[in-house]
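Undergrad: Here you go, sequence then predicted model.
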Amino acid sequence: MGDLLTGFADALTPGNLLWALVGVTIGTAVGVLPGIGPALTVALLLPVTFRLEPAAALIMFAGIYYGGMYGGSTTSILLNTPGESSSVATAVEGNKMARAGRAAAALATAAIGSFVAGTIGTILLSVAAPAVADVAVGFGPPEYVALMAVAFVTVSALLGPSLLKGAAGLVIGAAIGLAGIDTLTGQPRLAFGIPSLLDGIDVVIVVVALFALGETFWHLVSGTGASRVEPVRGAAVLSRDDFRRSWPAWLRGTALGFPIGSLPAGGAEVPTFLSYSLEKRLSKHRAEFGHGAIEGVAGPEAANNAAAAGVLVPLLTIGLPTSATAAVILTAFQSYGLQPGPQLFTESGDLVWALIASLYIGNVLLLVLNLPLVRAWARLLTIPAYGIYAGVLVFACLGAFATGGTIADLLVLTVLGLLGLLMRQAGVPVAPAIVGLILAPLAEQQLRRALALSDGDWSTLISSPLTIFLWVVVALALALPPVLAARRRRSNTDRRQPDASN
Amino acid sequence: MTAAGEERSQAAASGLLGLVMIVLGVVVLVDAARLRGSDDPVGPAAAPTVIGVLLGLLGGALVLSSRTLPRTSGKGLWRLTAMVVTLIAFALLLPLLGYVVSSAGLFTAAALLLGAPHPGRVVAYGWTLAAVVFLVLDRLIGLSLPAGPWGF
C-alpha cells in the first residue's frame, strides 16, 4: 500500500492532473465515435503522448484508456454499434433501454458500474500483480512457451465466431509479426529490402490499419446506412429503484470480470457474457430482459471494466497481452521505457505504481466529467458518417506516420487496411491477429531460448508440473468446444425442440 | 442487405481471404527457404515455415468452407480503388506539400468518396481539422510533422 501511495503522490501533481483531464476528454471523444473500440482509440491517440515525460505520458495514457472504454459503452447504448466484442453484452440491454427512453439511466449505471468495477479492479491489481510477479520470477523459457500456447489457443477459440476464423486471424497476425530482423541470426525476414520493414511492422500501424482503415474501407464498399441515435432525456442519474437493482449487479460483474480477465488466457469479453446470463437468471425482473433491464447493463459493463483491470495482471507481470487493447498497451509501455515482466516491479517500481495510481485517477475523473457531459458526448454521434470516417482516416495516417516516420509506413498501412477490409467481410476477427502479432515473435524467442538452454532436448518443454498442467489446458481448450457443440446438438435433437429460454 | 445476402457475401469474402492467405503462405515459405540455417536446434526458418504452412492450411479450409466465388459490386470497388489511390497519393505528396495541405486533401477526398453532400463545406472542415492537428501536435507538443514549402 505504501508503494501505491507514493504512486499517487507522483501522479497527483497539477500538471499531471491536467494531462489526465486532457486524456480522458480526447479518449472519450474518440472512443464515442461508432466503430472505434478501446484498442483503436488508444492506438490512434498514442502519438499524442510520445513527447511527454514518462509519468505525464502514463497518466495521460490511463485517461485515454478509460475514456476510450467509457466512450465505447456510450456508443453501444445509444447507437447499438459496439466497437469491441467486450461491449456487445452491454449493447443488448443498453440499447433496448435507450429505445424505451431510459438512455440516461443506462448511461449512468454503465458509468457508475465502470467506476465501481474499476476501483475494485485497481485495488485487486495492486495486490495481485506483485504476488504474481513473485511467482513469475521463477518462470523459465519452457513455462513461457506453455503460457503462450494457452494464450494462442484460447484467443483463437474465444475471440471469434469459430475456431477456424479465430485461428485464421491469429496466424495472419503472426505472419505480419515475422517481418523484421531475426534476433538470433541477424537475418532479415519478410523485409523485401524495404528499410522500414527491417525494424518490423509497428503494432500501432497494424491496429490502426486493421481496425480503422478496415472499417473505413468497409463503409466505402457497402455504403453507409443511416443509423439511429437514441436521444438522451433528463440528467444521467439513477433513481432509488435503479440503484437498488444496479449495485448487486456491479459487484457480481466485478467478481466475474477480474479473476477471468487476469488469467493468462484470451477472452476478456467472456465474463461480460457470463455476467449477462447470471443477471438474467438471478433477476426478479426476468420479463424485462430483452426489453431493457438495467441489471443487464450494470453487470456486463462492470465485468468489462473489471476484466480490463484484470488483463493488466498477466500483462504487467508476465508481459503476456491477451486482448487487442492489452497488445497496444504493451507497445505504449515499451515506448515509455517500461518493459513488462516479472522484473518490472523491482526495476521500475516507481513508474508502475504511478501507472496504477493514474488508472485510478483516470477512473475518478471519468465519473466526475462524463456523467454531467453525457449529452455533449451523445451529440458527437450525430456527426455524419462521412465526417467521422474521413476524420478517422486523417488520424490513422497521422498515427502511422508519427509511429514509423516514413512514407513506406503509410503504404504498409494502406495494404494492411485492405487486408482488414477482407477480414471484416469474411467475419474473421481482428483481435486475435493483434494478439498473434505480439505473441508469436515472443513465443518463438522463448522456444529458441528454451531449446538452446536444454541443448536441443524438446522434453524441456514439459519438464515442470506447471508446464504439464498448461499443456493439458491447451489440449482441453482444443478438444472441448467441438465435443460440447456435438453434445449440445445431440441433446437438442433428442428433445425435438430447442430450449427457447436460452 | 438481407441476412441471406450478407451470409453469401461473407462466404465469398472468406473464400477470397483464404486465397490471399494461401498466397501469403507461399511468400512466407519462399522467404523462409532463403534464410541461412544456424547451429541452434530451432533456426530462423522454423517459425516462418510453421506459420507459412498454417496460413496455407487455414486459407485452404476457408476456401473450402466458402465454396462460392466472390462477386464484387462495381460501384463499391470503384470507390475503394479511388480511396487506395488517394492514400498512396497522400503518402507521396506528404513530404512535398506539407502536412496541412495533404491532410486537408485526404479528408476532402475521403469524405466525398463516402458520400458527403457539400464539397465546399467538406474542404472547409478538412482544412480546419488539418490545421488544428498541425498546431496542436507540431507547435504545442513538438511532434515534428512534414512542413511544405510554405512552412506548414
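TA: It's in. Keep in mind that this is a model prediction, so the values were computed, not measured. Residues are numbered from 1 along each chain as shown, chains lettered A, B, ... in the order given.

Undergrad: who touches the helix or strand containing residue B:64?
TA: Per DSSP states H and E: residue B:64 is located in helix B:46-66. For helix B:46-66, the external contacting residues (C-beta atoms under 8 Å, 6 or more residues apart in numbering or on different chains) are A:164-165, A:167-168, A:171-172, A:174-175, A:178, A:189-190, A:426, A:428, A:440, A:444, B:11-15, B:17-22, B:24-29, B:31-32, B:35. C-beta coordinates here come from the backbone N, C-alpha and C atoms, glycine included.

Undergrad: Give me the most central residue, chain B.
TA: By C-alpha atoms, centre = their mean, chain B has its centre lying nearest to residue B:84, at 7.6 Å.

Undergrad: From residue A:7, how far off is residue A:349?
TA: 9 Å (C-beta to C-beta, to the nearest Å).

Undergrad: okay, these two: which has more neighbours?
TA: residue A:7 (25 against 14; other C-beta atoms under 10 Å in any protein chain shown).

Undergrad: any idea how far the closest residue to the more buried one other than its chain neighbours is from residue A:259?
TA: Leaving aside its chain neighbours, residue A:7 sits nearest to residue A:353 (3.0 Å; criterion: C-beta to C-beta, 6 or more residues apart in numbering or on different chains). Applying C-beta to C-beta, the value for residue A:353 to residue A:259 is 23 Å.

Undergrad: Have a look at those two and say which one is more surrounded.
TA: Neighbour comparison, residue A:353 and residue A:259: the larger count goes to residue A:353, with 23 against 16 (by other C-beta under 10 Å).

Undergrad: what are the phi and psi values for the more buried one?
TA: phi -70, psi -30 (degrees, to the nearest 10).

Undergrad: for it, what are its contacts?
TA: Residue A:353 neighbours (C-beta under 8 Å, 6+ apart): A:3, A:4, A:6, A:7, A:10, A:126.

Undergrad: Quick check: which helices or strands does the lowest-mean-pLDDT helix or strand in chain B pack against?
TA: Ranked by mean pLDDT, DSSP states H and E, the helix or strand of chain B with the weakest confidence is helix B:3-33, at a mean of 83. Packing contacts for helix B:3-33, counted by 3 or more C-beta pairs under 8 Å, 6 or more residues apart in numbering or on different chains; DSSP states H and E, involve helix A:163-178, helix A:407-426, helix B:46-66.

Undergrad: Mind listing what's buried along the last one?
TA: When you say that, I think you mean helix B:46-66. Within helix B:46-66, the residues scored as buried using 16 or more other C-beta atoms under 10 Å in any protein chain shown are B:46-48, B:50-52, B:54-59, B:61-63, B:66.

Undergrad: Pull up the residues of the stretch 301-450 of chain A that are close to chain B.
TA: Applying C-beta under 8 Å from any C-beta of the partner chain, one finds that the stretch 301-450 of chain A approaches chain B through A:384-387, A:389-391, A:393-395, A:397-398, A:401-402, A:407, A:410-411, A:413-414, A:417-419, A:421-423, A:425-428, A:440, A:444, A:447-448.

Undergrad: any chance you could map the strands in chain A?
TA: A:180-181, A:188-189 (DSSP state E).

Undergrad: Adding mean neighbour count and distance to chain B, write the ones you listed out as JSON lines.
TA: What follows is the strands of chain A, written out as JSON lines (neighbours: other C-beta atoms under 10 Å in any protein chain shown; distance: least, C-beta to the nearest C-beta, whole Å):
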{"stretch": "strand A:180-181", "mean neighbour count": "16", "distance to chain B": "10"}
{"stretch": "strand A:188-189", "mean neighbour count": "20", "distance to chain B": "6"}
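
Undergrad: would you turn those strands into JSON lines with mean pLDDT?
TA: Putting those into JSON lines (pLDDT from 0 to 100) gives the following:
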{"stretch": "strand A:180-181", "mean pLDDT": "86"}
{"stretch": "strand A:188-189", "mean pLDDT": "86"}
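
Undergrad: Out of the ones you listed, flag the one nearest residue A:369.
TA: Residue A:369 sits nearest to strand A:180-181 of all the strands of chain A, at 40.5 Å, using C-beta to C-beta.

Undergrad: Let me see the contact set for the closest residue to residue A:63 other than its chain neighbours.
TA: With sequence-adjacent residues excluded and distances taken as C-beta to C-beta, 6+ apart, residue A:63 is closest to residue A:23, at 2.5 Å. Residues counted as contacts of residue A:23 (C-beta under 8 Å, 6+ apart) are A:45, A:49, A:59, A:60, A:61, A:62, A:63, A:64, A:67, A:362.

Undergrad: before we move on, the earlier item: looking at the strands of chain A, which is nearest to residue B:118?
TA: Nearest of the strands of chain A (C-beta to C-beta): strand A:180-181, 45.0 Å.

Undergrad: re earlier: what's the spacing between the residue nearest to residue A:63 and residue A:148?
TA: As judged by C-beta to C-beta, residue A:23 and residue A:148 stand 31 Å apart.

Undergrad: Please apply the same query to residue A:82.
TA: On the measure of C-beta to C-beta, residue A:82 and residue A:148 end up 28 Å apart.

Undergrad: helix, strand or coil for the most far-flung residue of chain B relative to its centre?
TA: Within chain B, the residue lying farthest from the chain centre (C-alpha atoms, centre = their mean) is residue B:39, at 38.4 Å. On the three-state scheme (DSSP: H, G, I helix; E, B strand; the rest coil), residue B:39 is labelled coil.

Undergrad: Please apply the same query to the one 4 residues further on.
TA: At residue B:43 the chain is in coil, as set by three-state DSSP.

Undergrad: in terms of contact, does it touch residue B:32 like I think?
TA: No: between residue B:43 and residue B:32 there is no contact under C-beta atoms under 8 Å: 9.6 Å.

Undergrad: what's the closest non-adjacent residue to residue A:440?
TA: Here the residue nearest residue A:440, using C-beta to C-beta, 6+ apart, is residue A:174, at 3.5 Å.

Undergrad: same check, this time on residue A:96
TA: That would be residue A:292: by C-beta to C-beta, 6+ apart, it lies 3.7 Å from residue A:96.

Undergrad: What number of residues are in the vicinity of that neighbour?
TA: What residue A:292 shows, counting by other C-beta under 10 Å, is a neighbour count of 22.

Undergrad: and if you look at residue A:195?
TA: Neighbour number of residue A:195 under other C-beta under 10 Å is 9.

Undergrad: Residue B:38 now?
TA: 16.

Undergrad: tell me the contacts of the closest residue in space to it that isn't next to it in sequence?
TA: In space, and not counting its chain neighbours, residue B:38 is closest to residue A:185: 5.0 Å by C-beta to C-beta, 6+ apart. Contact partners of residue A:185, counting by C-beta under 8 Å, 6+ apart, are B:35, B:36, B:38, B:43, B:44.

Undergrad: Kindly reformat the residues you listed as CSV containing pLDDT and distance to residue A:369.
TA: Compiled in CSV, the contacts of residue A:185 are given as follows (pLDDT from 0 to 100; distance: C-beta to C-beta, whole Å):
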residue, pLDDT, distance to residue A:369
B:35, 83, 53
B:36, 81, 57
B:38, 74, 55
B:43, 81, 54
B:44, 84, 50
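
Undergrad: one step back: compare residue B:43 and residue B:32 (neighbour count), which wins?
TA: Per other C-beta under 10 Å, whichever of residue B:43 and residue B:32 has more neighbours is residue B:32, with 22 against 19.

Undergrad: My guess is the more buried one contacts residue B:26. True?
TA: No: counting by C-beta under 8 Å, residue B:32 stays clear of residue B:26, with 10.6 Å between them.

Undergrad: Measure how the helix holding residue B:64 sits relative to helix A:163-178, angle-wise.
TA: 150 degrees (axes from the mean of the first three to the mean of the last three C-alpha atoms, to 10 degrees).

Undergrad: can you give me the angle helix B:46-66 makes with helix B:3-33?
TA: 150 degrees.

Undergrad: Helix B:46-66: how far from the chain's middle?
TA: Taking C-alpha atoms, centre = their mean, to the nearest Å, one finds the center of helix B:46-66 at 22 Å from the center of the full chain.
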